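Colleague: Got a predicted structure here, sequence first:
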Amino acid sequence: MRNILIFVVFIVCLVLFQFLAAPTVDEIINKYLAARGGKEKLNSLYAVCFKGFREMMGEKVPVTITKVHEKLFRTDFQFGNHRGFVIATPADGWQYLSHNQGQPQPMNAGQLKQVQGEMDIAGDLLNYHAKGFKAELAGKTIIDGEPAYEIILVDAGGNENNYFIDIQSGLLVQSRKLSKSAGGVVTSVSTFYKDYRAHDGILFPMTMISEGEGMGSGSLSLYHVEINPLVDELLYRPSVDG
C-alpha cells in the first residue's frame, strides 16, 4: 500500500511539474520571433523581394515575389514563352497569364482576401495583439519527426489558423490556414517551412511546401532575398506592357 501511495504521489508531482514548466503561448511566440532575428529587426521590414522557382504543372517556373508591408503583394512568373502575374493591394487584386487572357482579370473577394494576407511581411505572429488576434496554445504534436507546439491564432472575424513551432529551434515549421471562396466553400492549405537562412540578420525559410486546394499550393524554392529594396510604383499596377 505504501509503494502504491509513493507511486501516486510521484505521478501527481510529475504532472504538476510539467504543467508548471510548460511555457505560455506568448513565451513560445517570443522565442519564435527571437529565433527569426528579434522583434526590432522584424518590425524594420517594410519591403522584401524574393527570387526563386515555383513548381507548376510539374515544371520549375522562375518567380519574383515583391512585398511592401500592408501595401502590396506581387508575384511575377515566366512559364515557357508566356508570363503572368498576381497582384494584391489593400483595395484590389488581379491575375494575368498571357497565353489565355487578353487583359488582367480581377480577383474575386475570396481570392483577394487570401492573397492580401501575404502583405504582412513578418507574418501574423508578430504584434498579433495589435492586429486584433487572439492566440492559444493547443498543445504539442510531432512535425517531421520532431516535437512542436501548436498555436491557434484567431483573427477579429473568428477565423482560426494553426501555427506549429519547433520546440528546440523555436522556428515555425508548419502552418495550416483556412480560406473561404466567394461561394462560401472553405479550403485548407498546410505549408511546411524548411532550410532557414539569415539575410541581414533575419531568418527566412528558403523552401516552402504547400499542400491543399488554395491558390498557393505547390512548392517554392528561393535563391535570393533582398531586404527593404526600393519598389517601383509601376509594380502596383496590372499593366501587361513590357
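Modeller: Yep, it's here.

Colleague: Please count neighbours and contacts with C-alpha atoms only from this point.
Modeller: Will do.

Colleague: Apart from its neighbours in sequence, what residue is nearest Lys67?
Modeller: Phe73 (4.6 Å; C-alpha to C-alpha, 6 or more residues apart in numbering).

Colleague: Okay, and the beta partners of Lys67?
Modeller: Beta-bridge partners for Lys67, by DSSP bridges, are Val48, Phe73.

Colleague: Correct me if wrong: it contacts Asp76.
Modeller: No - counting by C-alpha atoms under 8 Å, Lys67 does not reach Asp76; the two are 11.7 Å apart.

Colleague: between these two, which one's more packed in?
Modeller: Each of Lys67 and Asp76 has its neighbours counted (other C-alpha atoms under 10 Å); Lys67 has more, 26 against 18.

Colleague: Can I get the longest strand belonging to the chain in PDB, CA atoms only?
Modeller: Determined from DSSP state E, the single longest strand within the chain is strand 186-199. The C-alpha trace of strand 186-199 is given here as PDB (Å, rounded to 0.1, in the frame of the first residue of the first chain):
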ATOM      1  CA  VAL A 186     -13.800  26.600 -47.100                       C
ATOM      2  CA  THR A 187     -10.500  25.100 -48.100                       C
ATOM      3  CA  SER A 188      -7.400  24.300 -46.100                       C
ATOM      4  CA  VAL A 189      -3.700  24.800 -47.000                       C
ATOM      5  CA  SER A 190      -0.900  23.400 -45.000                       C
ATOM      6  CA  THR A 191       2.600  24.900 -45.600                       C
ATOM      7  CA  PHE A 192       5.900  23.400 -44.400                       C
ATOM      8  CA  TYR A 193       8.800  25.800 -43.800                       C
ATOM      9  CA  LYS A 194      12.400  24.400 -44.300                       C
ATOM     10  CA  ASP A 195      16.000  25.500 -44.800                       C
ATOM     11  CA  TYR A 196      16.000  28.800 -42.800                       C
ATOM     12  CA  ARG A 197      18.900  31.100 -43.700                       C
ATOM     13  CA  ALA A 198      19.900  34.500 -42.500                       C
ATOM     14  CA  HIS A 199      19.600  37.600 -44.600                       C
END
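
Colleague: tell me, what residue is most central in this structure?
Modeller: Centroid check for the chain by C-alpha atoms, centre = their mean gives Gly123 as the closest residue, at 6.0 Å.

Colleague: distance between the ends of stretch 230-239?
Modeller: One end of stretch 230-239 sits 19 Å from the other (C-alpha to C-alpha, to the nearest Å).

Colleague: which SS class is Asp26?
Modeller: helix (DSSP: H, G, I helix; E, B strand; the rest coil).

Colleague: Correction: the previous question concerned Arg83.
Modeller: Assigned with three-state DSSP, Arg83 falls in the strand class.

Colleague: Who is it paired with across the strands?
Modeller: Gln78.

Colleague: doesn't Phe77 make contact with it?
Modeller: Yes - under the criterion of C-alpha under 8 Å, Arg83 makes contact with Phe77 at 5.7 Å.

Colleague: more neighbours, those two?
Modeller: Phe77 (20 against 15).

Colleague: what residue ranges in this protein score low on pLDDT?
Modeller: Within the chain, the segments meeting pLDDT under 70 span 1-21, 100-101, 179-185, 213-216, 242.

Colleague: change it to 50
Modeller: 7, 12-20 (pLDDT under 50).

Colleague: For it, just list every one of the helices.
Modeller: With DSSP state H applied, the chain shows helices at 2-21, 25-36, 39-43, 109-116, listed in chain order.
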